[in-house]
Each structure stands twice: as C-alpha cells, then as structure tokens.
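*Asks:* give me a 3D structure for the following:
(2 chains)
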Amino acid sequence: MSGGQLPRWVDYGLIPFLNLAAAFLVSGLVVILIGENPIDAVKVLIWGSLGYTEGFGYTLFYATNFIFTGLAVAVAFHAGLFNIGGEGQAYLGGLGVAIACLALDHYVPWYVTLPFAILGSALMGAAWAFIPAWLQATRGSHVVITTIMFNFIAASLMVYLLNGFLKKPGSMQNETRTFEDGGRLPFLNDIFPSFGFGFAPVNLALFVALAACVLVWLLIWRTKLGFEIRSFGANATAAVYAGISPVRITVVTMLISGGLAGMMAINEIMGSQHRLLIDFVTGYGFVGIAVALMGRAHPVGILLASILFGMLYQGGAELSFEMPNLTRDMIIVIQGLVILFAGALEHMFRPAIAQFFMPARPKTAQEA
Amino acid sequence: MSETPAIELRKINKSFGAVHANKDIDLVVKKGSIHGIIGENGAGKSTLMSILYGFYQADTGDILVNGNKVTISDSKAAIGMGIGMVHQHFMLVDNFTVLENVVLGAEDSALLAGGLNRARSELHRLETEYELRVDPEAITGELPVGLQQRVEILKALYRSAEVLILDEPTGVLTPAEADHLFKILEVLKNEGKTILLITHKLREIMAATDMVSVMRRGEMVATRETKNTSMEELAELMVGRSVLLRVDKKPAEPKAPVLEVENLTVTDSRGVEVVKDVSFKVHEGEIVGIAGVSGNGQSELLETLSGIRRATRGTLKINGETIDLANRAPDAADMRAKSMGHVPEDRHRMGLINSFAEYENSILGYHRDPAYSKGLLLDLPAIKKNAVDEIEKYDIRPPNPMLKTANFSGGNQQKVVLAREIERDPNILLVGQPTRGVDIGAIEFIHKRLIELRDAGKGILLVSVELDEIRGLSDRVLVMFDGKVVGERGADAEESDLGLLMAGIEDNKIAVEGDVQ
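*Replies:* Model (predicted):
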C-alpha cells in the first residue's frame, strides 16, 4: 500500500465499488443458476433493507453490531495486528453488560446503567484480548492463532457460566433473567415514534457506535498513541528506533480492540435481547473482519461497510422470505462473496486501476 | 573497431507518466570490454539496465545484441540472449548450497540429480577458467558477501551469459574484496566476456573500466575512454556543475567529552559477540569516525548507543551521567531525552516510515515532545509548521509535507531524517551511513551540515563504510574489525593504512583495545 498515492476518491470510492460490483455480478450468476431473476432479487434486497422504515431499522440494528466489531479489527490492524478474536471478545463483553444490568436495573434508570454497561463490556472484551496480546508481545505467540483459540474458550466458558451460575433458577434455558427497564436501552421507535421503526430493535446503542467511530478516528489520526500505533503497524523497526515499546503498543492496542469488540454486546444484550443468552454473537465478530477490510480500516469506511452488511443481513432475510428458492444459505453465499471480493480479493483490481490513474510512478523510482 | 558491438542501444526512450526516465539514450558497448555507466541516483541508470534486462519495455528505440535487433520481453529472454545480471541485492536462497543456487531456475528436468551433477562439473570448469573459486557444497547464507556475489556471477555464467551487468556491485564489499572483484572482471574480459558496470563511485570507474558513459537526468551526457578522462571531469558531467569532492573544514577544537563508552560488549540474537569490549570518547566539537567493512559490529554499536539494542556489558557516560547499558531495557526515547540524536544507517528500514507523510516522519521519535503535542493529542499545526520550516531550511524536494516519504528521492529522504535529528539540537549525534544512496549534490549539503554541527560544539559519532567520507569528515578515526576497535588514526590517515586495519591486519603501532581514547 506504500506504493503510491491514488486519488482518495479512487482509493475509498471506486475500488470498493468495483469490488462490490464484482461480488454482486457473481451473486447474480448464482441466482440465475438457481432459477430466479437476479434483478428481482436485488429489488427485494434493497426494498427489504432500505425501502420501509422498519426494515431500515433492522438494517441499522445489524449495522450497529458491525460498527463495533469492524472498529475493533481496524484498530488492531493499524498496529499490524490481526485480531480475529472479536467473536470471543464480544461474547465476554456480553458478560460485562449483563453484570452491570443485573446489578443495577432494579435501582437506577437506564442512563445510569449505560456507562457501567459500556465500562463492563469494554473491560471484559479487553480482558479477553489481554492474554493473546501479552503472549504475542512477550513470547511471540501469533495473535491470529491465540485469538481464534480464545473464541472457542470464550464459547465454552460462557456456556459454563450461564448454565452453572447465571441462568435464572428453575429455568431450562441457558440465559439470565430478563432485565428490568433500568437495564434496557430505549428503542429508537420509543424515542421517535413518528418515524415508524415498528418492531425493529434498533436502539440507542447506535449512537454509542457512532460516538465510537468519532473516538477511534481521533485516536488513530489525532493522538500520540494513535501515531505510535500506526508507526508500529507500518514499520515496527522504525517504531523501536523512535522509542516506541513494541510490548506496550501491542498490549494497549489489543486492549482497545478487545474493548471495542466487547461493546458490541451493548447493542445486542442491553439494547435488544435484554438478557444474556447463549451464542448471541453469531458471527458478528468474524464479519467485523470483512467490514474493517472493506472500510479500509477507516471509521467512515467502516460505517458505510457496516450499513452495507446490515443491508445484506436484513435484505437477505426478506429475500429468503420472498423467494423461497433463495434460502438463508444462499444469502450467506452472497455475503461470503462480498467478503471474498471486498476483503480477500481487495487488491484484485488495484494494480490495473493504479496503472490507469497513476502511470507516473516507476516501480523503482529511487535506486537504492 | 569494425567489430559488431555486443550491445547497442539506439534512441531508447522510457517515460513513467510525466517522468522521462530515459531520453534518447544511445549506447554502444564493445565486445570484450568493461563499460562503466555512472550517474547520480535517479539519473536513469537502473531504468536503462532494466530495459536491457527485460524488466521494462522501452517506449521507443531499438536494442541490438550482436548487431541483431531484438525485443527483450522479460529476463528469461535476456538470459536467452546471453545477458546476465548481478543484482545489487543478491537473488540467492540463503539456506541452499552454492550448487543449488546456481542451478535454481535452470534445473532442466523434474529430478534434481542430473542437473546438479552437470552443474557441478560445469562449476568446476568455470572455476578453473575464471578463477572463481567457491565451494559448491557450502551453504550460501554462511558465505561472506564477497563470495555470495561470486555465486551470483557464477549463476550468470552458468546460464552462458556473454554480457554481464553488475549493478552497484561494490556497495557491500571491503576494499580488498572490491579489488578482487575487479580482478575477476578483468579475467572475464580477457576471456571475451563483456561487462557493464553500473556505479556511482568514480574511483571504481577509474580503476576498472575501459569506457565510461555518464548519465544525468535521464540523458546520456557523455561517453569517454576511461584513460582519457578524470574523476573531476566525470563528477562535473554527472552533476552538471563542478563539485567539491573534498570536504571543506577547519581543524577541530575538541573540548570536554560528551559521550564516553566503556567496555561495551554486545551479543546478537544468535549469541555471537558482535561488539567486543569497545571503549572510546567523543568530545564536544569533534567528529569521530568509525571506519570498517560493514558487518563488523558498527551497526550494533550504533543501535546499542541509541537505545535500540541491549548490551551484555558496558557503560555509557553522557552529559556526566553514567548509564549501565547492560542492566536496563533499551529505551530509544530516553536516549533522545538525554539529547542524543540518531541518524540510522538504513533510512528505509529504520529512519523513516515510508507510508507516512513527510510531516509525520518529521516528528518520528519526537512525537511526545511538548512542542508537538497538546495533552493526548498531536499538535498538527505545530508539526506541519515545523515540517515546512525544515523543508525550507534543508531544501527538501518536492516541498510538500503531505507527500509520503516513499515518493521522495534517496537524498531528500535522508535530508528529512537529518533535519529531524539535527534541528532538535542534540548534544550528541550518532550518524550511520549519512550519504548511502544519496546523490552528489545532497552529499555536499549533508557533509556541510555535519561540519556546522561540529563547529557549533556538538559531538558527532560517524559510522560509514565509505572511506572517503570517513577521511573527509572525521577528526579522529577508529577502525572496527570483528567487533573490536583495532586502531585509531588522526584526521590525516592514509587510505592504505586504514584499509589494512579494516582488513584486520594487526596494528603494531598502537596498542589495541581499551586504551584507544
């Protein structure tokens, strides 16, 4: 990526658009193979996710989850770390939210609980990222391996906790009791009834997510810590030369990353489910990787990518309803294609586009 | 004279967008000659050779090999026409044997044994014919660089190269190894091979070539018979104006010591002692040069003093404060706080973050300085103003602080690093290879700045593999060999004298180790 400077609109606009177009083109072929009309499918998908307010509400709800997990991956990415443990960190974040809500919901209104829930989710998510971070920083155990292993540990741990300690007495369900109003974030439909969000679970956590976008932007591009994170990610040797401690930056960055992933639980647990339950993360942590890649690790890009993936989730649900031939699995195939083209094949069109826009730079402009 | 030339280039043009890297280049290389191509960085030498070796296609113009017009579409085609290249950065697999490296890419069949046996006998033949002795069973990565380079040459010859292109071949060699290389080239020439030698070192051109062509800003400005030209003329042709090859300076007036290193020993990650019990002092107002062939502990010395690497033993006295280098975690930030600047040897790997904008690089290591921050935040207006000031003062081009440093030329990148370190007004400046890959114009500028800093009463420790630079700048010269300081000389040291020390020939005139202050 250090090769040259493409115009920003190409880098952040045209290339993601082309990747997306390619993903939809291939998806269209798949839809044709199944025997449905791809144009109709797109219409249903867009209408279902943006066409009416309640659908849009769902889109925003899903997007909120993706913003948190996407930001989490992006922050680590700036330090050259690949945190793919968002899944487990978010799961543990749920524990933090639940503890805050269960402890406070009888006594105080939601706006008093919220800061504690944010703190709890961030702390638990960060704590879950700490061990992989520490092992990477001091022992060189690769964070990709350890974080993914910690996803499994988190899953087992949460089942153990829910089953053994947290579930309400006498219940067969692996879930806590339902929070009182003091542990529930207001739905947007309750705040803005005239918008008609209906049953869509989009809630105040959306604004927490937007605030997180702004704060992450500030952190990465405006603070000393962000400068150190980016320095370390771009050139670790130069970072050490500059007096930046690799151990400290690795740990601190992973803590922030884990904390952001953990905060996803605010939307899901305090905002929508109002109880801690098993497997509530259901892949948001992993999709966050695609969101971060597609959003080029920039909060604005992540916001847009989150909305796109929210659309795919919500529009996809509508699609499987309207076109029974396109099952949930097909929707996942389409999502997979978007991830493939926007994430893994992010560089596929880049060389050709770079040649088109900036033939000015020879590969060896500076002879060593 | 009427013989067809080995290589002939006619009106070669190559543009990269707005940059006209090669303009109407004509070049005739006689068979069986050593032809030098000299020019500053960015003059277009590498582009031209890349065209000849098939990395790039020329926009217009013809290439003639042995009088026949050819199209060289890739390096494979070049090899097929008997053109071989020895790259500046070796293209060798370190953990392969010499033999395996030679065969790599020319195995002939799916099974290795046959090719290896053929190669072994062929290597033996080349060895005797060209005096290119290398043990074919040695592990390449364990060989000294001089021998690794020989493997590169053997690789080209094994592919029956008639024309050999050497790109900056002496950058990593000792003077003795370089001399040996030139002897090998002489033998190759006498055996009828044609050699193209790309370099920016005038001395090598004079020593080794028959003909020399000078490039400047994408143009071939002159071709001379080497025996009919001089270093001064070539330098002038390269730069387009007359240059000072010597550094102009007054004698030093050293005062109190600012940096005292005592019994420093450094062990690398493999457990090998790379710096062995080194002691020396640097005084205010003097430049102490550390001469030596690269890889004799100078890099580790610099890295340890600047707080990047941990020492096994040894202390550092700086501004009167004694620091035990062995019993504390290396901390580059702390050394900066103690007024020590550091221009690292490798600006790409260490001195700069090339994907960052120039203004961001201009505070690398100083980003915690209150002058550039407000609380947790960076003070971007102050940082950019500082960057603009430095750009102006150091004539950094293009004068755009928002541009990534990857897009600056080597000389300008180095000026970014130098400006950053010097403008913080350090009492001590550690400088590694200040002019590596830097064009002549910028070298002059950089040397002047270092002398100015010295005259302002600062202490400078200079590490360079360029003997001319060491001799030109230093007030005292320490020579490192195999991790030890093997001798000290004054500003007027003879090159041959230093050369012997660098080669590890024991010095009888001055006691070694310990008392070389």
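*Asks:* all contacts plus neighbour counts: C-alpha atoms, from now on.
*Replies:* OK.
*Asks:* outline the domain layout of the chain.
*Replies:* Using chain A. The record assigns chain A these domain ranges, following automatic domain parsing: A:7-36+A:323-356, A:58-318.
*Asks:* oops, wrong one, chain B.
*Replies:* B:7-239, B:244-339+B:427-517, B:354-424.
*Asks:* looking at the domains of chain A, which is buried most?
*Replies:* domain A:58-318 (a mean of 23; mean count of other Cα atoms under 10 Å in any protein chain shown).
*Asks:* would that domain count as contacting chain B?
*Replies:* Yes - counting by Cα under 8 Å from any Cα of the partner chain, chain B has neighbours in domain A:58-318: A:222-225, A:227, A:231, A:234-235, A:237-244.
*Asks:* of those, closest to A:Leu119?
*Replies:* If you rank those by distance to A:Leu119 using Cα to Cα, A:Leu225 comes first, at 20.4 Å.
*Asks:* any idea how far B:Glu137 is from the closest one?
*Replies:* 51 Å (Cα to Cα, to the nearest Å).
*Asks:* give the contact list for the nearest residue to B:Ala161 once chain neighbours are set aside.
*Replies:* Closest residue in space to B:Ala161, ignoring its immediate chain neighbours: B:Gly82 at 4.1 Å, by Cα to Cα, 6 or more residues apart in numbering or on different chains. For B:Gly82, the contact set (Cα atoms under 8 Å, 6 or more residues apart in numbering or on different chains) comprises B:159-163.
*Asks:* so what's the residue count around the closest residue to chain A within the stretch 151-300 of chain B?
*Replies:* Residue of the stretch 151-300 of chain B nearest chain A, by Cα to the nearest Cα: B:Glu168 (9.4 Å). As a burial measure, B:Glu168 scores 19 neighbours (other Cα atoms under 10 Å in any protein chain shown).
*Asks:* show me where the stretch 151-300 of chain B has helices.
*Replies:* B:175-190, B:202-208, B:231-239, B:298-305 (DSSP state H, counting those that start in this stretch).
*Asks:* ok, the nearest residue to A:Val251 once chain neighbours are set aside - contacts?
*Replies:* Using Cα to Cα, 6+ apart and skipping residues adjacent in sequence, the residue nearest A:Val251 is A:Ala133, 5.1 Å away. Neighbour list for A:Ala133: A:143, A:250-251, A:254-255 [criterion: Cα under 8 Å, 6+ apart].
*Asks:* now do 10 Å
*Replies:* Applying Cα atoms under 10 Å, 6 or more residues apart in numbering or on different chains to A:Ala133 gives the contacts A:81, A:83, A:126-127, A:139-143, A:146-147, A:247-255, A:258.
*Asks:* phi, psi for A:Leu162 please.
*Replies:* Backbone dihedrals for A:Leu162, given as degrees, to the nearest 10, come out at phi -70, psi -40.
*Asks:* please name the residues that touch it.
*Replies:* A:95, A:156, A:168, A:173-176, A:276-278.
*Asks:* again, only this time at 6 Å
*Replies:* A:Asn174 (Cα atoms under 6 Å, 6 or more residues apart in numbering or on different chains).
*Asks:* and it, how close does it get to chain B?
*Replies:* In this view, A:Leu162 and chain B are 40 Å apart by Cα to the nearest Cα, to the nearest Å.
*Asks:* now the stretch 1-150 of chain A, which segments are flagged as low pLDDT?
*Replies:* Low-confidence segments of the stretch 1-150 of chain A (pLDDT under 70): A:1-5.
*Asks:* hey, C-alpha coordinates of stretch A:94-114 in CSV?
*Replies:* Extracted as CSV, the C-alpha positions of stretch A:94-114 are listed here (Å, rounded to 0.1, in the frame of the first residue of the first chain):
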residue,chain,number,x,y,z
GLY,A,94,-21.9,-9.6,27.0
LEU,A,95,-21.0,-10.9,30.4
GLY,A,96,-19.8,-7.4,31.4
VAL,A,97,-23.0,-5.8,30.2
ALA,A,98,-25.1,-8.4,31.9
ILE,A,99,-23.3,-8.0,35.2
ALA,A,100,-23.9,-4.2,35.1
CYS,A,101,-27.5,-4.6,34.1
LEU,A,102,-28.3,-7.3,36.6
ALA,A,103,-26.7,-5.4,39.4
LEU,A,104,-28.3,-2.0,38.7
ASP,A,105,-31.6,-2.5,36.8
HIS,A,106,-33.7,-2.6,39.9
TYR,A,107,-32.3,0.6,41.3
VAL,A,108,-31.4,3.2,38.7
PRO,A,109,-32.7,4.3,35.3
TRP,A,110,-31.1,3.0,32.1
TYR,A,111,-28.9,6.2,31.6
VAL,A,112,-27.2,5.5,34.8
THR,A,113,-26.7,1.8,34.0
LEU,A,114,-25.4,2.6,30.5
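*Asks:* tell me how far it lies from the chain's centre.
*Replies:* Offset of stretch A:94-114 from its chain centre (Cα atoms, centre = their mean, to the nearest Å): 23 Å.
*Asks:* next one: stretch B:101-108
*Replies:* Here stretch B:101-108 shows a centroid-to-chain-centroid distance of 29 Å under the convention Cα atoms, centre = their mean.
*Asks:* now the end-to-end length of it.
*Replies:* 14 Å.
*Asks:* so where do the helices sit in the stretch 401-517 of chain B?
*Replies:* B:410-422, B:440-455, B:467-473, B:495-502.
*Asks:* can I get the ones you listed in CSV with mean pLDDT?
*Replies:* Below are the helices of the stretch 401-517 of chain B laid out as CSV (pLDDT from 0 to 100):
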stretch, mean pLDDT
helix B:410-422, 92
helix B:440-455, 89
helix B:467-473, 87
helix B:495-502, 79
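*Asks:* contacts only, for the residue of the stretch 151-300 of chain B closest to chain A.
*Replies:* For B:Glu168, the contact set (Cα under 6 Å, 6+ apart) comprises B:88, B:198-199.
*Asks:* rewinding a little: among the helices of the stretch 401-517 of chain B, which is nearest chain A?
*Replies:* Among the helices of the stretch 401-517 of chain B, helix B:410-422 comes nearest to chain A, with 6.2 Å by Cα to the nearest Cα.
*Asks:* just want the angle from that closest one to helix B:440-455.
*Replies:* 10 degrees (axes from the mean of the first three to the mean of the last three Cα atoms, to 10 degrees).
*Asks:* list the buried residues in helix B:410-422.
*Replies:* Neighbour-count burial for helix B:410-422 flags B:410-422 (criterion: 16 or more other Cα atoms under 10 Å in any protein chain shown).
*Asks:* what's the closest of those to A:Met311?
*Replies:* Of the buried residues of helix B:410-422, the one sitting nearest to A:Met311 (Cα to Cα) turns out to be B:Gln413, at 45.9 Å.
*Asks:* tilt between the longest helix along chain B and helix B:175-190?
*Replies:* Ordering each helix of chain B by length in residues (DSSP state H) puts helix B:112-130 first. Between helix B:112-130 and helix B:175-190, the angle comes out at 90 degrees (the same axes, to 10 degrees).
*Asks:* hey, C-alpha coordinates of helix B:112-130 in CSV?
*Replies:* In CSV, the C-alpha atoms belonging to helix B:112-130 read as follows (Å, rounded to 0.1, in the frame of the first residue of the first chain):
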residue,chain,number,x,y,z
LEU,B,112,17.4,-32.7,-9.5
ALA,B,113,20.3,-35.2,-9.5
GLY,B,114,21.1,-34.9,-13.2
GLY,B,115,21.1,-31.1,-13.3
LEU,B,116,23.2,-30.9,-10.1
ASN,B,117,25.8,-33.2,-11.4
ARG,B,118,26.0,-31.4,-14.7
ALA,B,119,26.2,-28.1,-12.8
ARG,B,120,29.0,-29.5,-10.6
SER,B,121,31.3,-30.3,-13.4
GLU,B,122,30.3,-27.0,-15.2
LEU,B,123,31.1,-25.1,-12.0
HIS,B,124,34.5,-26.8,-11.9
ARG,B,125,35.2,-25.7,-15.4
LEU,B,126,34.1,-22.1,-14.7
GLU,B,127,36.2,-22.1,-11.5
THR,B,128,39.4,-23.0,-13.3
GLU,B,129,38.7,-20.8,-16.3
TYR,B,130,37.8,-17.6,-14.5
